[in-house]
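**Q** Sequence and computational prediction follow.
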Amino acid sequence: MRRLLPLLVIFSTGILAASMGCSKQSEDKLAPADPCDTTNISYKNQVVPILVENCYPCHGNGSTGGSGGINLASFVNLKVYADNGYLKGNVTHAPGYNPMPYGEPALPPCQMNTIAAWVNQGAINN
Ligand code: HEC
């Protein structure tokens, strides 16, 4: 037993280190925010960047803004279309809506889900 004890200590320390290493690794994997996580969507941090890239070219304040007479470059303007169903319907290419972005492929699923979730969560200015 006397000879076994140090061995046992070394062995169990090894297991401990290995398992700590493992949990550290999975923590690292979880650390960056999941871009497809749709809980508590933020208008400012998540919705606006998608719109800037994909929608403001036609619905922004610039010279090409206001396609179809529609400017979506402010919360108040966007809220109208969030509440009347067009924002979600258009972006998710739902039947009976005008698929957006106009004449372009649908947004990737994460971005589409982000906008739909923001509407479902009440389209608040958060
Ligand atoms: C290439 C230009 C273009 C892009 C990019 C574009 N739209 Fe549009 N959008 C239009 C036009 C044109 C209309 C008017 C369509 C009509 O009335 O037939 C429109 C209309 C709309 C409307 C008003 C409701 C309706 O269907 O008439 C909403 C809401 C809308 N777009 C949302 C978006 C969103 C959200 C994006 C980005 C994901 C986007 N659009 C990207 C051109 C564009």
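**A** Perfect, thanks for sending it.
**Q** On the three-state scheme, residue 122 is what?
**A** coil (DSSP: H, G, I helix; E, B strand; the rest coil).
**Q** In this protein, what residue lies closest to the ligand?
**A** Per Cβ to the nearest ligand atom, residue 68 is where the chain lies closest to the ligand, at 2.4 Å. All C-beta spots, glycine's among them, are computed from the backbone N, C-alpha and C.
**Q** so how far is residue 90 from that residue?
**A** Residue 68 is 11 Å from residue 90, where distance means Cβ to Cβ, to the nearest Å.
**Q** Show me which of these two is the more surrounded one.
**A** The neighbour comparison of residue 68 against residue 90 (other Cβ atoms under 10 Å) goes to residue 90, with 19 against 9.
**Q** next one: phi and psi at the more buried one?
**A** Main-chain dihedrals, residue 90, degrees, to the nearest 10: phi -70, psi -50.
**Q** Report how many residues lie close to the nearest residue to it once chain neighbours are set aside.
**A** Closest residue to residue 90 apart from its sequence neighbours, by Cβ to Cβ, 6 or more residues apart in numbering: residue 100 at 4.1 Å. When neighbours are defined as other Cβ under 10 Å, residue 100 has 23 of them.
**Q** who touches residue 100 in this structure?
**A** 55, 90-91 (Cβ atoms under 8 Å, 6 or more residues apart in numbering).
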